[in-house]
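Enquirer: build me a model from this:
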Amino acid sequence: MKLNESLKKWEKFGLNQQTELRELYYSDLIVDKGNSQYGIVATYNDILEGKPSKSKDPMQVCWIREENKFLVTDGYHRLTQYLLQGKEKYLCEIDWTGYSLEWKIPSKKERLIIGGLN
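Expert: Numbering: from 1, shown residues only. This next block holds a predicted model:
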């Protein structure tokens, strides 16, 4: 998504504190690698141990204006399952406020980058 389009969405939804449902590609997301306790590593281990997602709801993401990307705030189990199924787009509920006071934004070294996914 281009920054200009994102800024228009921010004006429409973020300023009014509304969310939007939209399909996003993996390359649009900020995904924390984590470790055995949190993040996608912990989630992958959960799935290997037979603990899949309990939710069918859209993943929740927060638009990070400085990067024009979306921080995954809820839905790591769903995302991991989608990746294992080979899905390339994910239904997300987007918080367009443009920042996160509640969530730590992982550094670039702390992120799971998957080449080849749109």
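Enquirer: identify the bridge partners of the residue nearest to residue 39 when sequence neighbours are not counted.
Expert: Once flanking residues are discounted, residue 39 sits nearest to residue 32: 4.1 Å by CB to CB, 6 or more residues apart in numbering. (C-beta placed from N, C-alpha, C; glycine too.) Beta bridges link residue 32 to residue 111 when assigned by DSSP bridges.
Enquirer: from residue 107, how far off is residue 32?
Expert: To residue 107, residue 32 is 10 Å away according to CB to CB, to the nearest Å.
Enquirer: which secondary structure element is home to the most centrally placed residue in the chain?
Expert: Central residue of the chain (CA atoms, centre = their mean): residue 72, 2.8 Å from the mean position. Assigned by DSSP states H and E, residue 72 belongs to strand 69-74.
Enquirer: which one of residue 32 and residue 107 is surrounded by more residues?
Expert: Of the pair residue 32 and residue 107, residue 32 is the one with more neighbours under other CB atoms under 10 Å, namely 21 against 8.
Enquirer: that one is in contact with residue 72, isn't it?
Expert: Yes - contact criterion CB atoms under 8 Å: residue 32 and residue 72 qualify, at 7.4 Å.
Enquirer: just for the chain, where's the confidence low?
Expert: The chain contains residues with pLDDT under 70 at 14, 99-101, 116-118.
Enquirer: burial of residue 41, as a residue count?
Expert: Residues lying near residue 41 (other CB under 10 Å) number 17.
Enquirer: name the nearest residue to it, sequence neighbours excluded.
Expert: Excluding its sequence neighbours, the residue lying closest to residue 41 (CB to CB, 6+ apart) is residue 34, at 4.8 Å.
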